[in-house]
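J.: okay, predicted coordinates and the sequence, questions at the end:
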Amino acid sequence: MLLLLATGCTTGASPERVAEIRALEAESAARLTAEGEILFRAEPITVHTYKGGDGATRLLEDGELRRGIREASKALYLGRTAGPALVAMAKRDLAYAYSLAGDLDRAATYATEALETAATTPVEWFRPATRAQVVGPAHKILGDVRLRQGRVKDAIAAYDRSLPASEPDFLPFVLASMANAHLADGNTARARELFRKAESGASPAVRSLVRRGLGRVLLAEKRHPEAARWFEEAARTSGQDQAYERLWALDGLARARRGTGDRAGAIEAYRQAIAAAEQIRARFRSEEFKTGFFGDVQSVFEDAIRSMMEAKQVEAALETSERGRSRALLDLLRGRGRQSAGAQAFADPLGQPLAAASLRAAVPSDTAVVVYHVLADRTYVWTIRRSAITATTLDSGRAALLEQARAFREAVRNRVPDAERRAAALHARLVAPLSLRAGEALIVVPHDVLHYVPFHALRGPAGWVVEERPVSFAPSATAAAHLLGHPVRRREHLLALGNPDLGSPRLALPAAQREVQRLQALFPGAEAHVGKAATKARLLARAPNSELIHIAAHADVDEVDPLYSTIRLAPGEGIPGDLEAHEVYRLALTRTGLVTLSACDTGIGRVSRGDEIWGFTRAFLSAGSPALVASLWPVEDEATARTMEQLYGGLRSGSVRSALRAAQLTLLRDSRTAHPFFWAPFVLVGNIR
């Protein structure tokens, strides 16, 4: 089955259409309370339940950020009539949710509003809860935000306000966070004192984190031999979460050994730490956020890669990068109720990380797989050919690449002539140092901020990259190897859904409906549904048995919780219309050949430090599709229609990669669509055949 998902929401050429899209975006900022009313009517809550229980906290501490926000939004709506105490508690929970999600500005706003509301609300109105249950956490969240923003003095001041306002069982979290702030401020003596205080009254899980903090104090004081002994002992200590505690003890040991100049010992500790990481059940550890220890497993992989590259262990560093990418998706699923289905589906198309020799063997003789790994101060690149693996170190780190990549994408989106110059600058930084062979096909494995870069639309001395060579993308070299081995599947039956009826003329997509009708003409016997018939229920029922699927609809990437990103289909048959990403994980797309996500930046969304593309990209790959076509920016209606027609037509006689490239070259050579805005938004991820 070929699944082609062209989610509409196109910019079009008219200013009126652009104004409509911007109006919809502006409305989204005010949707929270209105959404709460809708959710409340579907599944009511009571004031006593929210106040007397955990509010939305239990959901948030399980990693269910979007569900927690939805629960808090119901409390916001109910608080209109139930009183300001409930509003204060709801805003506390929203502050916590957005802090966990990394939306620091919004977290600070809700924490401040929670404090303001609590200050003017009589104590008795909080019962059976207490005012301290709002005030202490809200001040602490403000401290957490300021610390993560690098405003250390402001963070310490906020923690000082949280301490006297917090309930006893919350104090260890405040003390540990304050210790982290003093450590960041260089005051190791005060940090040690606060960690000791936090340890005395904490739960076993928090005590384990505090011991990690004490080890960090020793490292900050450059007492490396003493720190190494401390971490060696910690690595031998068993606990409730033994593999996880061992991971961080070994990470500390590696850093201590690096401090003594023992590079080989550090690499061995990193190897053991990564082995421990692979034994860990992925779950959300809220106590780490509460104490300021974020448990960023990816940092262990990054430090290991750096050490291995410095020791010229090129293949070992590549294999470690691959293992980190595999871990990142497991961390995204986080052991929630959906993990078993999602993890199982993910394992089939992408597989377990392969050794360097197996990666080489899977690469076609005319192809180079280029794997990037971005660090703060540099970028490592491995070029994998069947004959050998070579490594290149670029002197560009994350901040510089992020700025340059965003500037280029904005130049493309705004159709400015400067885009060509920026494309050439990125080519010189990212591609030219690799010495690719003439005409050699390229599979790019981006990392971190490089997911924002359309490599096929970079420009070298001889022209655009797409003119020089075929280009596709993969989430990892291991994924590329597995997906290259997929057999070509039948591409005859088309299921098309377009322009779903969402109840508002402003949300109509007439161009998407025309697109579906054009594609229907290419496939006799196609099953096409538009308007009220383009339902989520129909897609879920028909997708597993269809060979070609095309969806032209609005889509939204959820930057708080990627598993709640939505494709907006028509409601019907008692089922709401929004198709959420976690539902895609449950589909069995065993006959799928390709998924296409177009417009509204559905191919990107937000990229986390753990290298997960937030949105549908991973969901469809994990559900069984070996490839997809996604857009990197909102697309123009007519250019999209021409691209899709040529892509579908080319699939009958050639590969997905050749069909998409031919479509891009056709638009590129037309003076009306020669700007990359028109021809370059779509990228192929996965199987090139």
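T.: Arrived safely, thanks for sending. The shown structure was predicted, so the numbers you read here are calculated from the model rather than taken from an experiment. Numbers count the residues shown, from 1 in each chain.

J.: which sections of this protein are below the confidence cut-off?
T.: For the chain, residues meeting the criterion pLDDT under 70 lie at 1-31, 238-240, 294-295, 329-351, 598-615.

J.: following the helix or strand Leu426 falls within, which helix or strand comes up?
T.: Assigned by DSSP states H and E, Leu426 falls within helix 419-430. For helix 419-430, the succeeding helix or strand toward the C-terminus, using DSSP H and E, is strand 441-445.

J.: quick check: angle from that next one to helix 419-430?
T.: Per axes from the mean of the first three to the mean of the last three Cα atoms, to 10 degrees, the angle that strand 441-445 makes with helix 419-430 is 80 degrees.

J.: what does strand 441-445 rub up against?
T.: 364, 366-372, 436, 455, 465, 469-477, 480, 657, 688 (Cβ atoms under 8 Å, 6 or more residues apart in numbering). Just so you know, the C-beta spots here come from the backbone N, C-alpha and C atoms, and that holds for glycine as well.

J.: please pick the buried ones from those.
T.: Buried by 16 or more other Cβ atoms under 10 Å: 367-372, 436, 455, 465, 469-477, 480, 657, 688, out of those.

J.: now go through the residues you listed and say which are in strands.
T.: Among the buried ones among the contacts of strand 441-445, the members found in strands (DSSP state E) are Thr367, Ala368, Val369, Val370, Val371, Tyr372, Val471, Ser472, Phe473.

J.: wait, which of those residues is closest to Arg271?
T.: Nearest to Arg271 out of these is Val371 (Cβ to Cβ; 19.7 Å).

J.: isn't the closest one right up against Val381?
T.: Yes: taking Cβ atoms under 8 Å as the definition, Val371 is a contact partner of Val381 at 6.9 Å.

J.: you'd agree Leu318 is up against Thr392?
T.: No: between Leu318 and Thr392 there is no contact under Cβ under 8 Å: 12.0 Å.

J.: the lengthiest helix in the chain versus strand 441-445: what angle between them?
T.: Using DSSP state H, we find that the single longest helix of the chain is helix 314-333. For helix 314-333 against strand 441-445, the angle by the same axes, to 10 degrees is 60 degrees.

J.: can I get helix 314-333 in PDB, CA atoms only?
T.: Extracted in PDB, the C-alpha atoms of helix 314-333 (Å, rounded to 0.1, in the frame of the first residue of the first chain):
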ATOM      1  CA  VAL A 314      35.200   6.400  14.200                       C
ATOM      2  CA  GLU A 315      33.000   3.300  13.800                       C
ATOM      3  CA  ALA A 316      32.400   3.100  17.500                       C
ATOM      4  CA  ALA A 317      31.300   6.700  17.600                       C
ATOM      5  CA  LEU A 318      28.900   6.100  14.700                       C
ATOM      6  CA  GLU A 319      27.400   3.000  16.300                       C
ATOM      7  CA  THR A 320      26.900   5.100  19.500                       C
ATOM      8  CA  SER A 321      25.100   7.800  17.600                       C
ATOM      9  CA  GLU A 322      22.800   5.100  16.100                       C
ATOM     10  CA  ARG A 323      22.100   3.700  19.500                       C
ATOM     11  CA  GLY A 324      21.200   7.200  20.800                       C
ATOM     12  CA  ARG A 325      18.700   7.700  18.000                       C
ATOM     13  CA  SER A 326      17.100   4.400  18.700                       C
ATOM     14  CA  ARG A 327      16.800   5.300  22.400                       C
ATOM     15  CA  ALA A 328      15.300   8.700  21.600                       C
ATOM     16  CA  LEU A 329      12.000   7.200  20.300                       C
ATOM     17  CA  LEU A 330      11.700   4.900  23.200                       C
ATOM     18  CA  ASP A 331      12.100   7.900  25.500                       C
ATOM     19  CA  LEU A 332       9.400   9.700  23.500                       C
ATOM     20  CA  LEU A 333       6.900   6.800  24.100                       C
END
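
J.: give me the element His550 is part of.
T.: Per DSSP H and E: strand 548-552 holds His550.

J.: over to Val530?
T.: Element membership of Val530, judged by DSSP H and E, is strand 527-531.

J.: list the helices and strands the helix or strand just after that strand packs on?
T.: Next in sequence after strand 527-531, counting helices and strands by DSSP H and E, comes helix 536-542. Judged by 3 or more Cβ pairs under 8 Å, 6 or more residues apart in numbering; DSSP states H and E, the packing partners of helix 536-542 are strand 494-500, strand 548-552, strand 578-580.

J.: which one, of those strands, ends up nearest to Leu142?
T.: Using Cβ to Cβ as the criterion, the shortest distance between Leu142 and the helices and strands packed on helix 536-542 is 31.5 Å, found for strand 578-580.

J.: quick one: the helix or strand just after that closest one to chain centroid distance?
T.: For strand 578-580, the succeeding helix or strand toward the C-terminus, using DSSP H and E, is helix 581-585. Mean C-alpha position of helix 581-585 versus that of the full chain (Cα atoms, centre = their mean, to the nearest Å) differs by 15 Å.

J.: buried residues in helix 581-585?
T.: If you call a residue buried by 16+ other Cβ under 10 Å, then helix 581-585 has these buried ones: Ala581, His582, Glu583, Val584, Tyr585.

J.: need those in CSV (columns: distance to Ile567).
T.: Shown next, in CSV, are the buried residues of helix 581-585 (distance: Cβ to Cβ, whole Å):
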residue, distance to Ile567
Ala581, 9
His582, 12
Glu583, 10
Val584, 9
Tyr585, 14
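
J.: just these now: which is nearest Ile575?
T.: Glu583 (10.4 Å).

J.: hang on, the earlier thing: of the ones in strands among the buried ones among the contacts of strand 441-445, which pair is most distant in space?
T.: Put simply, by Cβ to Cβ the two of those set farthest apart are Thr367 and Tyr372, 16.5 Å from each other.

J.: surely Ser637 touches Ala511?
T.: For the record, residue 637 is Asp, not Ser. Yes: contact criterion Cβ under 8 Å: Asp637 and Ala511 qualify, at 3.9 Å.

J.: and the helices in the stretch 501-650 of the chain?
T.: For the stretch 501-650 of the chain, the helices defined by DSSP state H, counting those that start in this stretch occupy 510-522, 536-542, 581-585, 617-623, 637-651.

J.: so who does the most far-flung residue of the chain relative to its centre touch?
T.: Most distant from the centre of the chain: Glu124, at 42.4 Å, with distances by Cα atoms, centre = their mean. Glu124 makes no contacts at all, as judged by Cβ under 8 Å, 6+ apart.
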